[in-house]
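J.: model this:
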Amino acid sequence: MKRAAFVIVLLLALALPVAAAELAMRWIGLGDPVLYYTNASYRYAPAPNQRRERRNAAVATIDEHGLRGVESWGAAADRRILFVGDSVTWGGTNTDDGATFAARTCAKLEELGGGTLTCGNAGVNGYGVDNMTARLRFDPAVGRADAVVVTIITVDGTRGLSDLKSSYFYSAQPHGPLKALWELTGFALFYGSGKLRYDRDAHDSRDDVPVLEESLAGLYDALRGLEDGGKQVLVVFSPVKADLAGAEKPLTAAMRSSIRASGLASLDLTEAMAARRNEDLYYDGVHLNQAGHELYATWIAERLNGTTQTSQQQ
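T.: Next up, the predicted model:
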């Protein structure tokens, strides 16, 4: 009897902390991650038909076309705007669908008398410029767009063609009853492995600018093709917070210069964000908080509203 009681107490002592940790991780939103699919062109993207509620009760909804948005990409609309980019465009699962600058741009254009609009968010965590170019060339959703907005940051130009295996994302649900701890453990192992194997100082930067320029050339070529097909296009440069202090890195300068020289309609937000550098617009120095998304939406909507389908620059 005493032995049985001891075993029960021991099992409870072991199980209760694990159960408490699982509940705590689920409370912050872990255990039900956004799932991704893979392919040979743009390599990976969020799988269609998902709805996730994560941190801060933010909702991330992926429609049947694989795009994040308030409404389905196939919904009736006078005009459709497709946003392509990396995690800055995606907005994260701590930003609600309707608060991303992609969704807010449509709302603002409707306020400006633009009719009924649908904005599809094809931003994907970890995308480089090459992923975005492939998405423009191979994603069927692009064909239904009346306008395409591509938002890039400096690092996108040298990421190459990112794939799912080099990123911490799931293509299958975490296993077992402890799904939140499974997700947390997976992240810890991925992050720890990188720490054990990689040294940032080992990077040779001599080829960075030529690689960036070649990657951007492919993007411009894809966008010009869309423009020739009658679609409005816009390239948006999103600065990171470190860019606003006045000490611009050579790679950032090369990207901004390349965008200006492309002949495509463009919107460089460096000066606009630098003028507001004392405001709280980022949540980690790269990604925008809700106030940052709102500003981006205002600037992008104004630019789209004042831009014809002939190439212009700002």
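J.: and for residue 261, the neighbour number?
T.: For residue 261, the neighbour count with other CB atoms under 10 Å is 12. The C-beta positions use only the backbone N, C-alpha and C, and glycine is treated the same way.
J.: actually residue 164, not the one I wrote
T.: Residues lying near residue 164 (other CB under 10 Å) number 16.
J.: that one touches residue 45, doesn't it?
T.: No - the criterion here is CB atoms under 8 Å, and residue 164 misses it with residue 45 at 9.5 Å.
J.: now for these two: what residues contact both?
T.: Common neighbours of residue 164 and residue 45 (criterion: CB atoms under 8 Å, 6 or more residues apart in numbering): residue 36.
J.: pLDDT value on residue 5, please?
T.: Looking at residue 5, its pLDDT is 67.
J.: now do the helices in the stretch 51-200 of the chain.
T.: Secondary structure of the stretch 51-200 of the chain (DSSP state H, counting those that start in this stretch): helices located at 87-90, 101-111, 129-138, 179-197.
J.: make a markdown table from these and add mean neighbour count, distance to residue 280 and mean pLDDT to it.
T.: Shown next, in a markdown table, are the helices of the stretch 51-200 of the chain (neighbours: other CB atoms under 10 Å; distance: least, CB to CB, whole Å; pLDDT from 0 to 100):
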| stretch | mean neighbour count | distance to residue 280 | mean pLDDT |
| --- | --- | --- | --- |
| helix 87-90 | 24 | 16 | 97 |
| helix 101-111 | 22 | 16 | 96 |
| helix 129-138 | 22 | 28 | 98 |
| helix 179-197 | 14 | 27 | 89 |
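J.: now these as CSV including distance to residue 251?
T.: Converted to CSV, the helices of the stretch 51-200 of the chain look like this (distance: least, CB to CB, whole Å):
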stretch, distance to residue 251
helix 87-90, 17
helix 101-111, 24
helix 129-138, 12
helix 179-197, 22
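J.: of all these, which one is nearest residue 3?
T.: Smallest distance to residue 3 across the helices of the stretch 51-200 of the chain (CB to CB): 29.8 Å, for helix 179-197.
J.: by how many degrees do the very next helix or strand once past the closest one and helix 129-138 diverge?
T.: Next along the chain after helix 179-197, taking DSSP states H and E as the criterion, comes helix 208-228. Interaxial angle of helix 208-228 relative to helix 129-138 (axes from the mean of the first three to the mean of the last three CA atoms, to 10 degrees): 20 degrees.
J.: send me the very next helix or strand once past helix 208-228 as CSV with only the CA atoms.
T.: Following helix 208-228 in sequence order, the next helix or strand is strand 232-237 (DSSP H and E). Extracted C-alpha coordinates of strand 232-237, given in CSV (Å, rounded to 0.1, in the frame of the first residue of the first chain):
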residue,chain,number,x,y,z
GLN,A,232,0.0,48.1,-61.4
VAL,A,233,3.2,47.3,-59.6
LEU,A,234,5.0,48.9,-56.6
VAL,A,235,8.3,48.1,-54.9
VAL,A,236,8.5,49.2,-51.3
PHE,A,237,11.7,49.3,-49.3
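J.: roughly how far is strand 232-237 from the heart of the chain?
T.: Counting by CA atoms, centre = their mean, to the nearest Å, strand 232-237 is centred 16 Å from the centre of its parent chain.
J.: and it, which strands flank it?
T.: Taking DSSP bridges as the criterion, strand 232-237 forms sheet pairs with strand 147-152 (parallel), strand 266-268 (parallel).
J.: ok, residue 166 - how many residues close by?
T.: 15.
J.: identify the residues contacting it.
T.: So residue 166 contacts residue 126 (CB under 8 Å, 6+ apart).
J.: same deal with residue 270?
T.: 237, 239, 243-244, 256.
J.: what sits closest to the residue minimising distance to the centre of the chain if chain neighbours are left out?
T.: Geometric centre of the chain, nearest residue: residue 87, 2.2 Å, by CA atoms, centre = their mean. Leaving out its chain neighbours, the residue that sits closest to residue 87 by CB to CB, 6 or more residues apart in numbering is residue 125, at 4.3 Å.
J.: can you get me a residue count around the one you found?
T.: For residue 125, the neighbour count with other CB under 10 Å is 19.
J.: need phi/psi at it.
T.: Dihedral angles phi and psi of residue 125 (degrees, to the nearest 10) take the values phi -50, psi 130.
J.: got it, and residue 153?
T.: According to degrees, to the nearest 10, residue 153 has phi -120, psi 170.
J.: measure it to residue 252 for me?
T.: Separation of residue 153 from residue 252 (CB to CB, to the nearest Å) stands at 9 Å.
J.: residue 74 too?
T.: 38 Å.
J.: next one: residue 192
T.: Distance from residue 192 to residue 252, by CB to CB: 30 Å.
J.: just residue 66 next, same as before
T.: Taking CB to CB as the measure, residue 66 falls 31 Å from residue 252.
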